[in-house]
Structure formats: structure tokens, C-alpha cells
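> 3D, please:
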Amino acid sequence: MSLPHSGSSTREHNLAVFIDLENLAQGYVNQKKTRFEILKVLERLLEKGKLIVKKAYADWNRYQAYTAPFHEAAIELIEIPRRSQTGKNSADIRLVVDAMDLAWSKPHIDTFVIVSGDSDFSPLVSKLKENGRHVIGMGMKGSTSELLRDNCDEFIYYEDLERIEEDEQKMTANIQADLPERKREAFSLLIEACNALVRENHEVLYASLIKDTMKRKKPSFDESYYGYRNFNNLLEDADNKALIDIEVSPRSGTYVISRFGNKEHKPRPKKPNVAPAIGGPPMPPVVSQQPSAQGFPTSGSQPSPAPSQAGHSGAPRRPMRPPGDF
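As a prediction, this is how the structure comes out:
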């Protein structure tokens, strides 16, 4: 069975990412962890949209170990030398200037990501929101200011990314080991994309939406490389191997995923916000009221007959003819 692909149900967001490496690295040292991994951050942000701008600010002579992985991730490295007198650098103000310049000059960028826990960025967050931008913050739990965290539209803790990675590894471990390596790779990417959409609160997992997410996570993804004529064939094969359950959407006529791994994903029914249809419960009878002798209405009294016209006292009135009946 071959079904047509439907368009994406939501508009894709364009993100600009600004990384204050010195703040993150210091927070990592305070928690006695080995190293900050930028790829985990970018993989999580790819679930939210397309990464248009990526900039990192630091004195790179002090953080040479991060130069290679940041460069491989296509992040622009902004050199901010440390001042010998104060021991500080101007990374904060440079980041703020670049973010505001981008907000004014690039209206198609609708989401700004501040990867830092420094409370000094709270005014920047407020100004970006004032200009209609969605702001996401990211930082370490032990070094993030509550002022910055609560001012952002969303805030992601780096420690949660490690938990997400562990959960996905457990879920993809259920894929049959006897499958060819290419198919295991395709199915793992499929499960990761479904997880990403659920994290972003998508109620219906359309086939086109899943494929868009897979291509953001892996731009070189092409179902033909894995031996499938189209993306629907890949979904049907995964369904036959009990990795997912697919259904046909009555609205779009395309595939939607109702289960992946061990997670059921049924869209929540929406309450109709319409007026009740004709033929509903009958309205209560209207009780007519007649003024009493004291001038107040009495319950249950019958209306008095209309006063008769002059010259017809006591005689029944002739009914009126309907319009056009001559």
C-alpha cells in the first residue's frame, strides 16, 4: 500500500544559538565532570528547528580542548581575550550585541538560544521577548541563575540531555540484532525522531513530520540508501517488524504512528467547541404569568384572552389570511 505524503503540520522554527563557553566549562568543573559535549546540545536543539546561526564566545587559548569539536560542529568561534588587569573578558557584552543585531537584521530568525547560566543575560532575554522572539535557555543545574531560568520561555538543563541519551539507547536496543546494519541504523533514527516529536508535544506523528525531523538530525538521510523506494515503505517495514504501529489518518489520508518502541502515542480527543445540534434535549416549557389583582405576576396563571375589537364584542375573531392567499 502506498500513500501520499502530507505537508508538515507546523511551521519550522529558525534558531540562533549563542554559547557562553566559559560559564558552561566552569559549571562543569564545579560538578566534577569530565567534559562538556556540544553535540548533545545541538542534537536536542535540532528537535526544535533549523539551526541558522551558531556562535561560541571564549578565550580559546584557555579552552583549546573545545576548539576541534566546536569547529567540527560548524560553530563560529568568537575570540575574546582575557584582560590581564581584571582577569575577565568582554564575552558577555559581545554576545548581547550580536544577538540584538541579529534580532533586528534577520526577522526570519524567530528563536534565540542562550547557552549559559549567567544572570547577566536576563536583560537580553527580556529585550528579545519584547521584540517578539522565543527565547530558550540552557545551562548546568549547579551554575544556572534562577533569574535567567525563570525569565526564559523554555529552559533546558544539560543534565537532562544525558538522561535522554540513556533512554534512547535503551529503546533502540530492542531492535533485532539479526537485522542488516543499514536497517538498524534507519530504524534507530526513526525511533529517535519519534521521541523528539513527543518531547516537543506533537500530538499526531505524521509521516512527513517524522521524515523532516530525521533529515534535521541527519541531513544525509535518504530512504533509498536503506533499500526503500519511499518513506512509506520504510514505515511499513518497521510496522511489520513490530517496532512501530502505523495507522491511516482519516483527515489527511497519510500514515501516522500510534506506537513506537514500548510507547503508545494516541492523540488526545479534542472537545468540540460548537453549539449543540438541532434536536437536542427539549427546552423546559415556558410558564406564562398574569398580573394579579395587586399588580404582581402569579405563578401558573393562564393568560387572559386578548381584548376584542369594538363592534365584535363576544364574537370570535376571523383568522387572518396568510400572505399571498387571495
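> tell me where this protein has helices.
With DSSP state H as the criterion, the chain has helices at 21-30, 38-46, 67-72, 91-105, 122-130, 146-151, 158-172, 181-199, 207-217, 231-240.
> closest to S249 out of the ones you listed?
Across the helices of the chain, S249 has its closest neighbour in helix 207-217 (9.0 Å, Cβ to Cβ). Every C-beta, even on glycine, is put in place using the N, C-alpha and C of the backbone.
> who does that closest one touch, helix- and strand-wise?
For helix 207-217, the packing partners by 3 or more Cβ pairs under 8 Å, 6 or more residues apart in numbering; DSSP states H and E come out as helix 38-46, helix 181-199, helix 231-240, strand 255-260.
> buried residues, it. List them.
A207, S208, L209, I210, K211, D212, T213, M214, R216, K217 (16 or more other Cβ atoms under 10 Å).
> ok, the last one - contacts?
In other words, K217. The contact partners of K217, taken as Cβ atoms under 8 Å, 6 or more residues apart in numbering, are E43, L46, E47, L189, E192, A193, A196.
> coming back round to it: next, format the helices and strands packed on helix 207-217 as a markdown table and append mean neighbour count and distance to A25.
Supplementary listing: the helices and strands packed on helix 207-217 in a markdown table, determined by neighbours: other Cβ atoms under 10 Å; distance: least, Cβ to Cβ, whole Å:
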| stretch | mean neighbour count | distance to A25 |
| --- | --- | --- |
| helix 38-46 | 18 | 11 |
| helix 181-199 | 19 | 26 |
| helix 231-240 | 19 | 40 |
| strand 255-260 | 22 | 36 |
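> can I get those in TSV including distance to K170 and mean pLDDT?
Formatted as TSV, these follow (distance: least, Cβ to Cβ, whole Å; pLDDT from 0 to 100):
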stretch	distance to K170	mean pLDDT
helix 38-46	17	91
helix 181-199	11	90
helix 231-240	18	93
strand 255-260	13	90
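> need the longest strand for this structure.
The longest strand of the chain (DSSP state E) is strand 50-58.
> if we can go back for a sec, now render the helices and strands packed on helix 207-217 as JSON lines, adding distance to A56.
Listed next are those as JSON lines, based on distance: least, Cβ to Cβ, whole Å:
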{"stretch": "helix 38-46", "distance to A56": "8"}
{"stretch": "helix 181-199", "distance to A56": "23"}
{"stretch": "helix 231-240", "distance to A56": "35"}
{"stretch": "strand 255-260", "distance to A56": "34"}
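> who wins for proximity to R133 among these?
Closest among the helices and strands packed on helix 207-217, using Cβ to Cβ: helix 38-46, at 15.1 Å.
> what lies in contact with the closest one?
So helix 38-46 is contacted by 15, 17, 19, 51, 54, 66, 69-70, 73, 75, 113, 115, 136, 138, 156, 158, 161-162, 164-165, 216-217 (Cβ under 8 Å, 6+ apart).
> are any of those residues buried, and which?
Buried among the contacts of helix 38-46 (16+ other Cβ under 10 Å): 15, 17, 19, 51, 54, 66, 70, 75, 113, 115, 136, 138, 156, 158, 161, 164, 216-217.
> what about dumping the CA coordinates of stretch 49-60 to PDB?
Provided in PDB are the C-alpha atoms of stretch 49-60 (Å, rounded to 0.1, in the frame of the first residue of the first chain):
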ATOM      1  CA  GLY A  49      14.000  23.600  14.400                       C
ATOM      2  CA  LYS A  50      16.700  24.500  11.900                       C
ATOM      3  CA  LEU A  51      20.000  25.900  13.300                       C
ATOM      4  CA  ILE A  52      20.700  29.000  11.300                       C
ATOM      5  CA  VAL A  53      23.400  30.700  13.400                       C
ATOM      6  CA  LYS A  54      25.800  29.100  15.900                       C
ATOM      7  CA  LYS A  55      28.300  31.200  17.700                       C
ATOM      8  CA  ALA A  56      30.600  30.400  20.700                       C
ATOM      9  CA  TYR A  57      32.400  33.100  22.800                       C
ATOM     10  CA  ALA A  58      35.600  32.300  24.800                       C
ATOM     11  CA  ASP A  59      39.300  32.900  25.200                       C
ATOM     12  CA  TRP A  60      40.100  29.900  23.100                       C
END
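> buried stuff in that stretch?
Per 16+ other Cβ under 10 Å, stretch 49-60 contains these buried residues: G49, L51, I52, V53, K54, K55, A56, Y57, A58, W60.
> name the nearest residue to the first one, ignoring sequence neighbours.
If the residues on either side of it in the chain are set aside, G49 comes closest to H13, at 3.1 Å by Cβ to Cβ, 6 or more residues apart in numbering.
> isn't the one you found up against E47?
No - using Cβ atoms under 8 Å, H13 makes no contact with E47, being 10.3 Å away.
> so for the two, which residue has more residues nearby?
Shown here are H13 and E47; by other Cβ atoms under 10 Å, E47 has more neighbours (18 against 15).
> before we move on, the earlier item: in CSV, list the buried residues of helix 207-217 along with distance to L128 and pLDDT.
Output for the buried residues of helix 207-217, formatted as CSV (distance: Cβ to Cβ, whole Å; pLDDT from 0 to 100):
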residue, distance to L128, pLDDT
A207, 34, 93
S208, 31, 91
L209, 27, 91
I210, 31, 93
K211, 31, 94
D212, 26, 92
T213, 26, 91
M214, 30, 93
R216, 23, 89
K217, 26, 89
